[in-house]
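1. with the sequence up front, the predicted model follows.
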Amino acid sequence: MNAHADPLRFPPGFVWGAATAAYQVEGSPLADGAGPSIWHRFSHTPGRVRDGDTGDVACDHYRRYPEDIALMRSLGLQSYRFSIAWSRVLPEGRGRINQAGLDHYARVVDALLEAGIAPNITLYHWDLPAALDDRGGWLNPDIADWFADYATLMFRTLGDRVPLWSTLNEPWVVADGGYMHGVLAPGHRSAFEAAIAAHHLLLAHGRGVQAFRASGARGQIGLVVNLEPKYPASHSPADLAATLRAEAYMNRQYLDPVLRGTHAEELAEVFGEAWPAPRPAEQMAVIREPIDWLGVNYYTRSVVRADESAWPQRASAVPQRGALHTETAWEVYPRGLTDTLTWVKNRYGNLPIYITENGSAFFDPPSAEVDPLPDPLRTQTLHKHLAAVHAAIGAGVDVRGYYAWSLLDNLEWAHGYSKRFGLLHVDYATQRRTRKASALAYAAVIAANAL
Ligand SMILES: OC[C@@H]1[C@@H](O)[C@H](O)[C@@H](O)c2[nH]c(CCc3ccccc3)c[n+]21
């Protein structure tokens, strides 16, 4: 709360939430008939995840969600964004249904509704059923059908009472991390595969939206993308061209097909020989199935220079020494959130936007000796980004809500448990949750609907 100036008020009905993802918080990856996911395999492959960490236990959220929902309620959260582990409900990814998995998520949804917290479900947050990966995963064109069948099952099970859905979390990271650079599951390293996966991710998204419309489910469906604004390091032609390639590769690669029906022209240059022939018009039409809202995940910006050695976009980030950086080495740059939101509005029109992730990892001790646990840098960073959202709203961007990443400290993918993003501290030795000061600061903003 800013005690000295006029408070920054958010629109009536603005939705305040927090977010997690199944593999990062649930634990119990094979419980009650669940099948393994590619992240279960990846984390159990030596060398892939820092310190050999896995999601076998994580935050034990699969069993402790009632306690965590009570904590959400104590903070005044109005919505909770979480993901479904596909291989809990379809252990082989297709065919046989695991009723215990469906029942689990129905219990979570009903407990949230009972607590007055709106569920916001992400259907795919990177944890592909391993059995589908054995059939090629995102490289197999059949995955659009597999995903549509999974989505239909979830809409039939929960579509009567879940108001917000999204198809995919960050298709760019799935293709770039999983298939281009191999740092995320399934750990492939090929520009050809990355381009194929990107197209099938888009197709699956479109088929998922079509399935939502056909299911008669109420509520609204969207796509969640990570956006990182790119600023040229200089006005040299080389740096300007590099900045456009970087922007096309991360920020326009998925939004242009979904919202404009076209591919960013720089991608043929970025992918080179790996860029496929033009896709069939009927596939581009599926991809373009209209969505109700867009989820924007924002963490940082990058200042871009031409760099012939940087593959594949031949552009690299210029370190911003002197700026505050998080434990993930991301520059804290709140202005980039305002710029990103106005960029979306100007390029794609004013469709409803939720900030589906925003947060920061700063050092917290493994065990919390005080409650609330002081976390001044995370608290300061939160306030600055909320002010940036407020500025975008003031500029006319239709921002409907904000989800803090994350509700809980959790498994930060290949970083293991070494990076803590939570509003709630988790002592992994005891599973004790402790509110951080940022959680109380957030609760005060929610209570006032103002900064
Ligand atoms: O890294 C923090 C969070 C993850 O824990 C979420 O699961 C994921 O949705 C997410 N995306 C981003 C921004 C995109 C990105 C992801 C991984 C590496 C670099 C950038 C940051 N985060």
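-> Cool, got the structure. Every value quoted in this text rests on a predicted model; they were computed, and no experiment measured them. Numbering: from 1, shown residues only.
2. where does Met72 land in three-state SS?
-> State at Met72, reduced to three classes by DSSP: H, G, I helix; E, B strand; the rest coil: helix.
3. that one reaches Ala115, doesn't it?
-> Yes - with the criterion set as C-beta atoms under 8 Å, Met72 and Ala115 qualify as a contacting pair; they are 6.9 Å apart. Yep, even glycine has a C-beta here, placed from its N, CA and C like the rest.
4. more neighbours, those two?
-> Met72 (22 against 14; other C-beta atoms under 10 Å).
5. for the stretch 201-350 of the chain, what lies in contact range of the ligand?
-> Contact residues (C-beta under 6 Å from any ligand atom) of the stretch 201-350 of the chain with the ligand: 226, 297, 299.
6. narrow those residues to those in helices?
-> For these, membership in helices holds for none, with DSSP state H as the criterion.
7. among those residues, who's most crowded?
-> Highest neighbour count within these, by other C-beta under 10 Å: Tyr299, with 23 neighbours.
8. buried ones in the longest helix seen in the chain, by neighbour count?
-> Counting by DSSP H, the longest helix found in the chain is helix 191-215. By neighbour count with 16 or more other C-beta atoms under 10 Å, helix 191-215 contains the buried residues 191-212.
9. over to stretch 357-373?
-> If you call a residue buried by 16+ other C-beta under 10 Å, then stretch 357-373 has these buried ones: 357-362, 364, 368, 372-373.
10. just these that are near the ligand?
-> With the criterion set as C-beta under 6 Å from any ligand atom, the members of those near the ligand are Glu357.
11. which of the buried residues of stretch 357-373 lies closest to His104?
-> Glu357 (23.5 Å; C-beta to C-beta).
12. residue contacts, the closest residue to Leu202 other than its chain neighbours?
-> If you skip the residues right next to it in sequence, Leu202 has Ile287 as its closest partner in space, 4.6 Å away by C-beta to C-beta, 6 or more residues apart in numbering. Contacts of Ile287 were listed using C-beta atoms under 8 Å, 6 or more residues apart in numbering, and they are 202-203, 205-206, 257-258, 261.
13. can you tell me which of the residues you listed is nearest Trp165?
-> Compare each of the contacts of Ile287 with Trp165 using C-beta to C-beta and the shortest gap goes to His205, at 11.8 Å.
14. contacting residues for that closest one?
-> Residues in contact with His205 (C-beta under 8 Å, 6+ apart) are 167-168, 171, 223, 258, 287.
15. and these, which of them are in strands?
-> Secondary structure from DSSP state E places 167-168, 223 of those in strands.
16. would a markdown table of the residues you listed with neighbour count be doable?
-> Putting these into a markdown table (neighbours: other C-beta atoms under 10 Å) gives the following:
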| residue | neighbour count |
| --- | --- |
| Thr167 | 29 |
| Leu168 | 25 |
| Leu223 | 25 |
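17. which single residue of the stretch 201-350 of the chain ends up nearest the ligand?
-> For the stretch 201-350 of the chain, the residue positioned closest to the ligand under C-beta to the nearest ligand atom is Asn226, at a distance of 3.8 Å.
18. pLDDT score assigned to that residue?
-> On the pLDDT scale, Asn226 is placed at 98.
19. next, format the contacts of His205 as JSON lines and append pLDDT.
-> Compiled in JSON lines, the contacts of His205 are given as follows (pLDDT from 0 to 100):
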{"residue": "Thr167", "pLDDT": "99"}
{"residue": "Leu168", "pLDDT": "99"}
{"residue": "Pro171", "pLDDT": "98"}
{"residue": "Leu223", "pLDDT": "99"}
{"residue": "Val258", "pLDDT": "98"}
{"residue": "Ile287", "pLDDT": "98"}
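20. which single one of the residues you listed is nearest to Val304?
-> When the contacts of His205 are ranked by distance to Val304 (C-beta to C-beta), Pro171 comes first, at 21.3 Å.
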